[in-house]
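Asks: Fold the following.
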Amino acid sequence: MGQEGERPADGSLDDLGETAGELAKTALQAGRKAGKAAGGMAAGAVGGPLGTLLMTAWSCRHTLFKVLTCVCLAVVFLIVLVVSLPSIIVNRLFGIDGTKPRETDTPYAVYAEMSGAVADAVEEGHKQALANVETIISEGGYDRSRSMEALIDYAKYSAGYDVSHILAAYSVSVGQTEAKKDDMMSKLGGVSGKMFPVTSVEKSEETEVPVSYTVYEPVTLIIVTKEEQTGTIDGIPQYRYETGEQTYYKPGEIRTSGTSIEVDAYEREEVTIPVYADDGGIVGTKKETYYKANGKETVSPSKETIKFVECTVHSFDYAVIAEAFGINPDAAYGESGLTCAEMIDNLTTAMKKTLYGNAGDGQAVTLADAELIAFVNQQECSAARKHILVTALSLVGKVPYFWGGKSGPGWNEEWGTPKQVTASGSDTTGSVRPYGLDCSGFTDWVYKTALGESLPGGTQSQWNGSYEISTGDLLPGDLGFRMGGGGYSHVLIFAGYGENQERMWVHADDGGIALNSPSYEGTLQLRRVKDIDFDAPVAAGSGNPVMLEVEVTHYCPCEKCNGKNVGINAMGKPLTVGMVAMSSYYPFGTQIMINGILYTVEDRGGTGIENNIHRVDIFVSSHEEALRLGRYRTTAVIYGTGG
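Replies: Numbers count the residues shown, from 1 in each chain. Okay, here's the model as predicted:
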C-alpha cells in the first residue's frame, strides 16, 4: 500500500484528470502573459507563472500525474514560444505560414533565412540611396568625378539596422498572426528609397588645370617652289614645276605640365606639294598644312572653379520601419497592457536571447580611434613590440568573444556572424552566438598576424610556451596569465601604461576584444613568449608602425576614376585589385593594415589624395563595386612612412 501523497486524496482518476485540466488552464493563462515575462522564459529563464507551475507540479508524485504534467508543460512551452518570439519566425518554424517545415528548420535556421531576406531589402535601399546621389549630381549639373570623390557613405561602413528589431516590428504590425515573409518583403520594398537618407551640400573649389602643349616633329618635304604655265593642249593648261627640299614640322605628342614652362613656338603654313604620275612626272599640285618654327613661348597652367556636391548617405533610418508596417509606436498593443514599441522591444530581446543567450548583439564597445592612437604613441618599445600592440588594438571593439574561437591571420569575414559554440567547458556551449575569438585565440591571432608566429592552442599551452619575467622587464607584447579552475584560465597581452601609469591589457573578455586594466590585474603571472626576437625588424615594412585615422575610398579602371591612364598605375604597372593609392608622403612599397588586411601603396591620385595624408584609395574591379563600397573612416596601421 502506497504512502500518503503518492496517490490522489480519494484515489479517483477523475480527480487526477480534473487537476491536470486545471494545470493546463493555468498554463494557458501563463502563456497569455506575453510582455517581458514571456520574453524571458523563451530565452531559457524559468520564472514567473511558469516557474510556480513547475514547482507545484513536480511536488506531486503520482506517475500518471507527472505524465499529464509534462504534457501541460510542453503546451506551456509552445505557448510561451509563440507569444514571446516574433511570429514570422514561429509561423515559418511550425509551418503556420503555409510553408511546409523542413527537418533542418531550427529557430536559428529560420532566423538566418529571414535575416538574408532583410539584408537583400536593405541592400536594395542602399542602391537606391546611391541612385539618389547620382540624381542630385546630374540634376544640379555638378562635376561628377569630384562629387563622387567627395561622397561620404556611412551606410556602407555601418548600415545600422537590427534584424531582430525589424522582424519583431513586422510581427507586431500583423498582431502576431498572419506573418509571412513575402508580405514583409513587399512592405520593406515600399520604403527602400527612404532607408538611407541622403543629404547634400553644394561646394566649389578653385583648381589648377595643367597646361597642355604639343611637341612637334620635324619632317622633310619636297615642295613646289615655282609654277609656270607653258601653254595649252586641247584647251588644258600645261605647267612647268620647280621643286625643292625643305624641313617643316607636324604635331606629335601632347604633354602636360603643372608649372609654367618655355617651349618651342610654331606657326601654321600652307605648303604646295607636287602630285606625281605613274611615270614620275609631276601632273599637278595639292595644298597641305604644316608648321614652321617661330621662336619660343611660355605656357602656364590655368585656374578653374569646379562646382561639386558633397553627398552624405546616412545610416539606416528606423523611422521607415514604423512607416513600412503601419505601426504607431505609442499605440496600445491589444490587451497586453504594453505599447507597440514596448512589445517590439520585448520580442526583439526574446529573439536575441534565443539566438545568443543574451540580449546584446555580441559587439563590444569601441574606443575612439583618437584614444587608441594616443595610447600607442605614448608607449616606448621596439618596432616589433609596437607592431604586436597596434595589431592587437586593431580589433578592439570590433570582434566579439566566442568560446573556442580561433582564426587564421588577418581579418576574418565570419566574425560577428551567428555560429554554434561547439567547444566544451562553457555555459555557452551548444548555444548560437556571434563568432569571434576567445582569449588564447586572440593572442594567437595577434602573433600570427603581426609576426607570422603561431602560439600554442589553449591558455595552458601558451603558459608552457612562455617563460616568467619580472615586473621591471614587462613590455608591450608580453603575456599575463590568470589562475582559475585549477589552472590558468585566461591570457592577456600587455599593452603598456595608461595616463596614470596603470598597467593596461588588451584581451578577449566577455564583452569582446577590450583594452583595460581589469580588477584582477595585480594577480596576473607575467610571462614572455619563447623563441621570439622582439628586436628583429618588422617584416611588414621599415620603421615603427603608426596608428592613423584614415578615410577609405575606392576607385576602378574607368576613365572617371583613373583619368586617361586607364589600367596603369603611377608606377607604370597594370592596376590590380587591392592596390592602394596614397599621397607621395608615403613612399611606394609602404604597407598599411586596414581591418586586418595588409595593403601596399603602389599608386598616386589627384589633389584630393596628394594633399591629404589620411586618404586611402583602394583599387577594385568595377565602378559599381567602387560605388557600393563607398567611403568610410577607420583606424589603420602604417608600416614605414615618408616625410
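Asks: ok, now which ones touch the residue nearest to Lys187 when sequence neighbours are not counted?
Replies: Once its chain neighbours are removed from consideration, Lys187 has its nearest residue in Ala324; the separation is 4.7 Å (CB to CB, 6 or more residues apart in numbering). Where C-beta positions appear, they are placed from N, C-alpha and C, glycine not excepted. Residues in contact with Ala324, defined by CB atoms under 8 Å, 6 or more residues apart in numbering, are Lys187, Leu188, Gly190, Val191.
Asks: Secondary structure element holding Ala324?
Replies: In this structure, Ala324 is located in helix 319-325 according to DSSP states H and E.
Asks: Who are the packing partners of the helix or strand just after that helix?
Replies: Counting by DSSP H and E, the next helix or strand C-terminal to helix 319-325 is strand 332-333. Contacts defined by 3 or more CB pairs under 8 Å, 6 or more residues apart in numbering; DSSP states H and E place strand 332-333 against strand 338-339, helix 340-356.
Asks: quick check: domain ranges of this protein?
Replies: As given by automatic domain parsing, the domain ranges for the chain are 17-84, 107-205+310-356, 211-300, 369-529, 545-639.
Asks: quick revisit: mind giving me the PyMOL select for the contacts of Ala324, buried ones only?
Replies: If you want just the buried ones from those in PyMOL, going by 16 or more other CB atoms under 10 Å, the selection is:
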select buried, resi 187+188+191
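Asks: one step back: turn the domains of the chain into TSV, columns for distance to Pro537 and mean pLDDT.
Replies: Converted to TSV, these look like this (distance: least, CB to CB, whole Å; pLDDT from 0 to 100):
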stretch	distance to Pro537	mean pLDDT
domain 17-84	52	42
domain 107-205+310-356	33	84
domain 211-300	37	92
domain 369-529	7	86
domain 545-639	10	78
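Asks: Tabulate those in TSV, adding columns for distance to Ala536.
Replies: Shown next, in TSV, are those (distance: least, CB to CB, whole Å):
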stretch	distance to Ala536
domain 17-84	50
domain 107-205+310-356	35
domain 211-300	42
domain 369-529	6
domain 545-639	14
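Asks: between those, which gets nearest to Lys100?
Replies: Between Lys100 and the domains of the chain, the shortest gap by CB to CB is with domain 107-205+310-356, which sits at 13.1 Å.
Asks: Tell me the gap between that closest one and the middle of its chain.
Replies: 17 Å (CA atoms, centre = their mean, to the nearest Å).
Asks: before we move on, the earlier item: quick one: buried residues of the helix holding Ala324?
Replies: Applying a neighbour-count criterion of 16+ other CB under 10 Å, one finds Val320, Ile321, Ala322, Ala324, Phe325 buried in helix 319-325.
Asks: Excluding sequence neighbours, find me the nearest residue to the second one.
Replies: Nearest non-adjacent residue to Ile321, counting by CB to CB, 6+ apart: Ala169, 5.0 Å away.
Asks: Could you check which helix or strand contains that neighbour?
Replies: helix 163-173.
Asks: List the buried residues of the next helix or strand after that helix.
Replies: Later in the chain than helix 163-173, the nearest helix or strand by DSSP H and E is helix 181-189. Residues of helix 181-189 classed as buried: Lys181, Asp183, Met184, Met185, Lys187, Leu188 (neighbour count, 16+ other CB under 10 Å).
Asks: how about a markdown table for the contacts of Ala324, with distance to Pro329 added?
Replies: Output for the contacts of Ala324, formatted as a markdown table (distance: CB to CB, whole Å):
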| residue | distance to Pro329 |
| --- | --- |
| Lys187 | 16 |
| Leu188 | 18 |
| Gly190 | 19 |
| Val191 | 16 |
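Asks: Tell me the spacing between the residue nearest to Ile321 and Ala332.
Replies: Summarising the geometry, the distance separating Ala169 from Ala332, computed by CB to CB, to the nearest Å, is 16 Å.
Asks: Ok, Ser461 next?
Replies: Noted for Ser461: a distance of 58 Å to Ala332, by CB to CB.
Asks: ok, back up a step: quick one: which of Ala169 and Ala332 has more around it?
Replies: Ala169 (25 against 13; other CB atoms under 10 Å).
Asks: residues touching the more buried one, list them.
Replies: Contacts for Ala169 were tallied using CB under 8 Å, 6+ apart; they are Ile321, Ala322, Phe325, Ile327, Ile344.
Asks: what about 7 Å?
Replies: When contacts are counted by CB atoms under 7 Å, 6 or more residues apart in numbering, Ala169 touches Ile321, Phe325, Ile327, Ile344.
Asks: Kindly report the same for Phe402.
Replies: Applying CB under 7 Å, 6+ apart, we find Phe402 in contact with Val421, Arg433, Tyr435, Gly436, Leu437, Asp438.
Asks: ok so, going back, and the contacts of Ala324, which is closest to Val122?
Replies: Checking these against Val122 with CB to CB, the nearest one is Leu188 at 8.0 Å.
Asks: residues touching that closest one, list them.
Replies: Counting by CB under 7 Å, 6+ apart, Leu188 makes contact with Ala121, Ala324.
Asks: redo that, cut-off 8 Å
Replies: Taking CB under 8 Å, 6+ apart as the definition, contacts of Leu188 comprise Val118, Ala121, Val122, Ile166, Ala324.
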